[in-house]
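No letters, just coordinates:
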Ligand SMILES: Nc1nc2c(c(=O)[nH]1)N[C@H]1C(S)=C(S)[C@@H](COP(=O)(O)OP(=O)(O)OC[C@H]3O[C@@H](n4cnc5c(N)ncnc54)[C@H](O)[C@@H]3O)O[C@H]1N2
Ligand code: MOO
C-alpha cells in the first residue's frame, strides 16, 4: 500500500472518535475539545486600567481623591474634572474617560482644594487611552476555540480566564504496549546476544504526548499462544506491538492476529524504513476486570454527555510496528499517531513543509522517511539513519517525507513530527 494511503486508512480507522467526558481543566490537558470552548464572560469582564496611574474624568487638570486597586469595586462614579489613583487591572469607575500613566502625571500639592493632577504626557490625552475596554477580547457566549482543538497549557489559561470550570473533551484512547522478542533486556548493557528494549522507553512517553493513556507496557516472549491471548484479552482501545512483523521463525504477529479474529487494514507499506508495519481491527474485547462492564476504555453511562449515543461496538485496533527501532518510529508516525489522534477527536494538524538544503536521496519505488535537522538553509538529512539506529533521530527536528526517486536541493519537502518535537 502507498505510504499516503496507509496514513489515510489509519486516520479513517479512528474516525468514530471516543465519547465525551466533562473533565476538570487539569485532567483535560492533552485531550481534544469535544465541543467548542465558549466564553462564560466578556473579556475583559469590565473596563480595566491597562497601566498604573490615575483614572481621569474629562480634560485635566484634575482634583485628586481616593484610590482603586485590582480586585476592588469602584465606590461610585468619578465626577468630571477629578481623578483617582488606579492600579493596573482595577475596574475603571463610571465616568472615567482615560488612564494617565504614573510617569506622565505630576501632582501639585495645594494648601486648599486638594491636590491637583497635571497631564505631562508627550501627546494629548485621547479618551480611552490605556483602558482595556470590556469585551475587547471576546463577548460572553462567543466560541473561542472549535471542537477538535487540543487542550494545551495556553487553552487551560484561556478557559480559566473565560470562566470555564469543566471542559467537554473526548476520552483519551487507551494503549497497551507489547514489546515482542526473547532477546530484549530491560536494564544493563547488551550481553549474550541480547539487546536493550529501546522502544518501550521511546514509545511510552511519545504516545502519551500524542493524547493516549498507557494502561500497560510489557515484554512478551516469542510464543504464539501468549501473543494471541495478549491480543484477545487486552482491554485497550489500541494495542501497539513491536517486532514480529516479518517472516522470521518466531515472527508470530500475522498468525496471532489471524487466531485472534483480526481483520487486516494495512499489511506492509511502501515506505523505508518500516515497510512491514501493520494495522488491524480486533473484535470487541472483554471489559476490564473489576469495572462492572464500564471503564475508561468503554463508554460509561456516567461519563457520557448529551443524548446517549448508540453503544460503541468496542472495536479495538492493533498497530504492529517493526522491531528495528527507526522502522518502528516510522510505523508509529504513519499508523499509530494518526489513529490515536483521530480516536481522541483531534483535528489533523496542517502539513508542515520546508525547502531541502541539499539533495535528498530517495528509494526507487517507496517513500522514504528521513530524520532531518532544520536550519535556516532548510531541511538537512542526518547521519546514522539506518533502520536499526536511533542516533540520527535523537538529533532530528522532523522526518522529511521523500517521495520515490528523491528530491533535489531547493525542492519543498513535507515534514512529520519526530518523538517529542
Ligand atoms: N526475509 C526478510 N527478512 C526481513 C524483512 C523482509 O522483508 N524479509 N524485513 C526486514 C525489515 S525491513 C525489518 S524492519 C525487520 C522487521 O522485523 P520484525 O518486525 O519481525 O522484528 P524482529 O525480527 O522481532 O526484530 C528486528 C530487529 O529489531 C530488534 N528489536 C526488536 N524489538 C526491539 C526493541 N523493542 N528495542 C530494540 N530493538 C528491537 C531485534 O532485536 C532485531 O534486531 O525485519 C527484516 N527482516
Ligand atoms: O522496515 Mo525495515 O526498517 O525497512 O529495516
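The structure has been received and is ready for your questions. Computed from a predicted structure; not experimentally measured. Ligands and ions are numbered 1, 2, ... in the order given.

tell me which parts of the chain are close to ligand 2?
272, 273, 274, 275, 276, 322, 324, 327, 387 (CB under 6 Å from any ligand atom). Every residue, glycine included, has its C-beta placed from N, CA and C.

ok, and what's touching the host helix or strand of residue 168?
For residue 168, the element it lies in under DSSP states H and E is strand 167-170. Residues from elsewhere that reach strand 167-170, judged by CB atoms under 8 Å, 6 or more residues apart in numbering: 17-23, 25, 28, 31-35, 37, 151, 159, 305, 343-345.

what's the very next helix or strand once past that strand packed up against?
For strand 167-170, the following helix or strand on the C-terminal side (DSSP H and E) is strand 174-180. Judged by 3 or more CB pairs under 8 Å, 6 or more residues apart in numbering; DSSP states H and E, strand 174-180 is in contact with helix 199-209, strand 213-220, helix 224-233, strand 238-242.

Adding mean pLDDT, distance to residue 334 and mean neighbour count as columns, could you present those in JSON lines?
Formatted as JSON lines, the helices and strands packed on strand 174-180 follow (pLDDT from 0 to 100; distance: least, CB to CB, whole Å; neighbours: other CB atoms under 10 Å):
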{"stretch": "helix 199-209", "mean pLDDT": "97", "distance to residue 334": "14", "mean neighbour count": "18"}
{"stretch": "strand 213-220", "mean pLDDT": "97", "distance to residue 334": "20", "mean neighbour count": "17"}
{"stretch": "helix 224-233", "mean pLDDT": "96", "distance to residue 334": "21", "mean neighbour count": "17"}
{"stretch": "strand 238-242", "mean pLDDT": "98", "distance to residue 334": "13", "mean neighbour count": "28"}
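
Adding distance to ligand 1, write these out as a markdown table.
Below are the helices and strands packed on strand 174-180 laid out as a markdown table (distance: least, CB to the nearest ligand atom, whole Å):
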| stretch | distance to ligand 1 |
| --- | --- |
| helix 199-209 | 4 |
| strand 213-220 | 8 |
| helix 224-233 | 12 |
| strand 238-242 | 5 |
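
Quick one: those as a markdown table, columns for distance to residue 120 too.
Output for the helices and strands packed on strand 174-180, formatted as a markdown table (distance: least, CB to CB, whole Å):
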| stretch | distance to residue 120 |
| --- | --- |
| helix 199-209 | 53 |
| strand 213-220 | 59 |
| helix 224-233 | 77 |
| strand 238-242 | 66 |
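
Residue 193 reaches residue 182, doesn't it?
No. Assessed by CB atoms under 8 Å, residue 193 is found out of contact with residue 182, at 10.0 Å.

Between the two, tell me which one has more neighbours.
residue 182 (12 against 7; other CB atoms under 10 Å).

I figured that one was touching residue 221, is that so?
Yes. Counting by CB under 8 Å, residue 182 touches residue 221, with 5.6 Å between them.

wait, is residue 254 part of a helix?
Yes. Residue 254 sits within a helix when classified using DSSP: H, G, I helix; E, B strand; the rest coil.

OK, contacts around it?
Residue 254 makes contacts with 245, 267, 278, as judged by CB under 8 Å, 6+ apart.

Roughly how far does residue 392 sit from ligand 1?
Residue 392 sits at a distance of 16 Å from ligand 1 (criterion: CB to the nearest ligand atom, to the nearest Å).

Helix, strand or coil: sort out that residue for me.
Assigned with three-state DSSP, residue 392 falls in the helix class.

Now do it against ligand 2, distance only.
Applying CB to the nearest ligand atom to residue 392 and ligand 2 gives a distance of 13 Å.

does that residue really touch residue 383, like I thought?
Yes. Taking contacts as CB under 8 Å, residue 392 lies within contact range of residue 383: 6.0 Å.

more neighbours, those two?
residue 392 (19 against 10).

Just the buried residues of stretch 359-376, please?
360, 362, 363, 366, 367, 368, 369, 370, 371, 372, 373, 374 (16 or more other CB atoms under 10 Å).

Please see if that stretch touches ligand 1.
No. Figure legend: stretch 359-376 not in contact with ligand 1 (CB under 6 Å from any ligand atom); closest approach 10.7 Å.

Centre of the chain to that stretch, how far?
Distance, stretch centre to chain centre, for stretch 359-376: 26 Å (CA atoms, centre = their mean, to the nearest Å).

Start and end of that stretch, how far apart?
One end of stretch 359-376 to the other measures 16 Å (CA to CA, to the nearest Å).

Now that stretch: average pLDDT?
Averaged over stretch 359-376, pLDDT sits at 97.

same question, stretch 35-45
What stretch 35-45 shows for mean pLDDT is 97.

May I see the buried residues of it?
35, 37, 38, 39, 41, 42, 43, 44, 45.

Narrow the residues you listed to those in strands?
Judged by DSSP state E, the subset of the buried residues of stretch 35-45 located in strands is 37, 38.

care to break this structure down by domain?
3-18+171-343, 20-40+146-170, 48-132, 352-416 (automatic domain parsing).

end-to-end on the longest one?
Counting by CA to CA, the length from the leading to the trailing residue of domain 3-18+171-343 is 20 Å.
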